[in-house]
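Q: How does the following fold in three dimensions:
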Amino acid sequence: RRHLEGSLRRLQTDHIELYQMHHVDRDVSWDELWEGFRIAQYQGKIGYVGSSNFAGRDLVKAQYEAKSKGLLGLVSEQHKYSLLTRQPELELLPAAQEYGIGVIAWSPLDGGILSGNALNPVAGSRRAS
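A: Sure, this is the predicted structure:
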């Protein structure tokens, strides 16, 4: 709840349509997480819950626990995925497909390496340094 309130304050809004967890917090039970998300949805602070950088097994666990509570569960997983970073194809993408979770690729150009500009970076850019 503390992180959600911080996000709402920083974004200067009272509602986040897709609230995404970044990385699994192994110190918090799924019971506690889903109860917090249920309350936040009831209060109108979030619409849906997504994840970022989860493993396939974490998606399965999250969906299992959500379903046991009658909740929708995760609607999306944001993961690094490109022609150079294809590990999600091994477990993550099949798990997401099986459990109805949308996948949002981040860094599809792998930090610019696949953009065609890697060999000729703009002077002063991060890529040049």
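Q: residue ranges of the helices in this structure, please?
A: Using DSSP state H, the helices assigned to the chain run over residues 2-11, 30-42, 56-68, 92-98.
Q: now those helices as a markdown table including distance to Gln78?
A: C-beta: built from backbone N, CA, C; applies to glycine. As requested, the helices of the chain are exported to a markdown table (distance: least, CB to CB, whole Å):
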| stretch | distance to Gln78 |
| --- | --- |
| helix 2-11 | 15 |
| helix 30-42 | 17 |
| helix 56-68 | 12 |
| helix 92-98 | 11 |
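Q: Present those as a markdown table; the columns should include distance to Glu17, mean pLDDT and mean neighbour count.
A: Listed next are the helices of the chain as a markdown table, based on distance: least, CB to CB, whole Å; pLDDT from 0 to 100; neighbours: other CB atoms under 10 Å:
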| stretch | distance to Glu17 | mean pLDDT | mean neighbour count |
| --- | --- | --- | --- |
| helix 2-11 | 11 | 93 | 12 |
| helix 30-42 | 11 | 95 | 16 |
| helix 56-68 | 18 | 96 | 17 |
| helix 92-98 | 19 | 96 | 17 |
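Q: Out of these, the one nearest His22 is which?
A: helix 2-11 (9.6 Å; CB to CB).
Q: distance between the closest one and the chain's centre?
A: Distance of helix 2-11 from the chain centroid (CA atoms, centre = their mean, to the nearest Å) equals 17 Å.
Q: Quick one: residues in contact with it.
A: Helix 2-11 is contacted by residues Asp14, His15, Ile16, Tyr19, Gly36, Ala40, Lys45, Ile46 when judged by CB atoms under 8 Å, 6 or more residues apart in numbering.
Q: who wins for most neighbours among these?
A: Taking other CB atoms under 10 Å to define a neighbour, the member of the contacts of helix 2-11 with the most is Ile46, carrying 22 neighbours.
Q: Could you pull up the residues touching that residue?
A: For Ile46, the contact set (CB under 8 Å, 6+ apart) comprises Leu4, His15, Ile16, Glu17, Leu18, Tyr19, Phe37, Ala40.
Q: With distance to Ser68 as extra columns, can I get those in a markdown table?
A: Below are these laid out as a markdown table (distance: CB to CB, whole Å):
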| residue | distance to Ser68 |
| --- | --- |
| Leu4 | 23 |
| His15 | 27 |
| Ile16 | 25 |
| Glu17 | 25 |
| Leu18 | 23 |
| Tyr19 | 21 |
| Phe37 | 14 |
| Ala40 | 19 |
